[in-house]
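# what's the 3D shape of this:
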Amino acid sequence: MVSQEQRRRQLAREKFLRQQQRRTEARRKARVRNSVIASVLGVVLIGSLALYTTGVLKQDDDKTNAGAEVTPSASPSKAPDPCDKPAEGKPKSKTWKKEPALSIDKSAKYTMKLDTTCGEIDVALKASAAPHTVNSFNFLAGQGYFDHTKCHRLTTNGIYVLQCGDPTGTGTGGPGYTIPDENLKDKSLKDDIYPAGTVAMANTGQKNSGGSQFFLVYQDSELPPSYTPFGTVSEAGMKVLKKIAKAGESTGAGDGAPNATVVIDKATVAKS
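Take a look at the predicted model:
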């Protein structure tokens, strides 16, 4: 017999998948529209629109940033903002036509540090298991791609993730290229559970469609093993994530923009 909790999780997963499908369709329509505009104006469009839904994770899993676009809205019972004012600066809009050449040392250890308005989040990266993903983050962080970007989505119902990595803050942005899925049989993923502390890639719901959007799991979340797990948040970083989650999200329905002002002031990747 299916328990109430199992049914609730099933409904959450189904909602996530529907969101991913809608975003994928929106992405397709946007490409068609842009193609028509380009032909009329005689302009060559450079770059690509990456639709990241994660329901968390479809480059949103839920994105983990995922389905219909999440739009911040007023919340009558909004909790106080636990985070500081963002550093001065604006997200960059540069994109690239193809994935950067693999330049990391797969046998070395790498860490990613996210200096956010809510506190520092350190992530141990899995270079040997997810080399393309870690290499891409190393490249993008070096370009300042994540600096001054908002973490635009918080999911607090069914799955428990914070989604980041989109300079546009809409859930549709990306670096212009995609990277392959990796490490989908990671030993940490058991019974379709992404454990608390996991950092994984959002995607469009299609294979090998990850870009720059990623999600951080602050509480065990049941998801299909379709999102590349490429890092683990430190204990101190988990405290920051839980503080953000405690402030809630803007819709009151369990999936929207964080009430906390979560901005990555600076992202760095270092080899140790």
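
# Contacts for the longest strand anywhere in the chain next, please.
Ordering each strand of the chain by length in residues (DSSP state E) puts strand 263-271 first. The contact list for strand 263-271 (C-beta atoms under 8 Å, 6 or more residues apart in numbering) reads 83, 86-87, 89, 104-105, 108-117, 125, 134, 137-138, 140-142, 145-151, 164. Where C-beta positions appear, they are placed from N, C-alpha and C, glycine not excepted.

# In the protein, what residue spans correspond to helices?
4-41, 131-142, 235-246 (DSSP state H).

# gap between G144 and K90?
Distance of G144 to K90, computed by C-beta to C-beta, to the nearest Å: 11 Å.

# The two: which has the busier surroundings?
Set G144 next to K90 and count neighbours by other C-beta atoms under 10 Å: G144 wins out with 15 against 9.

# mind listing what C118 touches?
Applying C-beta under 8 Å, 6+ apart to C118 gives the contacts P82, C83, D84, V240, K243, I244, A260, T261, V262.

# Now list the buried members of the residues you listed.
P82, C83, V240, K243, I244, A260, T261, V262 (16 or more other C-beta atoms under 10 Å).

# Farthest pair within the residues you listed?
Maximum pairwise distance in those, criterion C-beta to C-beta, is 13.0 Å, between V240 and T261.

# Just to check, H152 is in contact with G169?
Yes - using C-beta atoms under 8 Å, H152 is in contact with G169, at 4.8 Å.

# More neighbours: those two, which one.
Comparing H152 with G169 by other C-beta under 10 Å, the one with more neighbours is H152, at 28 against 18.

# so how far is S250 from the more buried one?
As defined by C-beta to C-beta, H152 lies at a distance of 11 Å from S250.

# Any idea which residue is closest to the centre of this structure?
Residue closest to the mean C-alpha point of the chain, counted by C-alpha atoms, centre = their mean, is F214 at 2.5 Å.

# May I have the predicted confidence score for it?
Turning to F214, the model gives it a pLDDT of 98.

# The one 10 residues further on now?
P224 carries a pLDDT value of 96.

# ok, now the one 5 residues further on?
In the prediction, the pLDDT value recorded for P229 is 98.

# partners of it in the sheet?
Per DSSP bridges, the residues bridged to P229 are A200.

# what do you get for E222?
Under DSSP bridges, the beta-bridge partners of E222 are I193.

# for the stretch 51-200 of the chain, what spans make up the strands?
53-55, 59-61, 110-116, 119-125, 149-150, 153-155, 161-164, 193-194, 198-201 (DSSP state E, counting those that start in this stretch).

# Mean pLDDT added to those strands, as a markdown table?
What follows is the strands of the stretch 51-200 of the chain, written out as a markdown table (pLDDT from 0 to 100):
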| stretch | mean pLDDT |
| --- | --- |
| strand 53-55 | 43 |
| strand 59-61 | 50 |
| strand 110-116 | 98 |
| strand 119-125 | 98 |
| strand 149-150 | 98 |
| strand 153-155 | 98 |
| strand 161-164 | 98 |
| strand 193-194 | 98 |
| strand 198-201 | 98 |
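
# right, so of those strands, which gets closest to E222?
Closest among those, using C-beta to C-beta: strand 193-194, at 5.7 Å.

# And that closest one, what does it pack against?
On a contact count with 3 or more C-beta pairs under 8 Å, 6 or more residues apart in numbering; DSSP states H and E, strand 193-194 meets strand 221-222.
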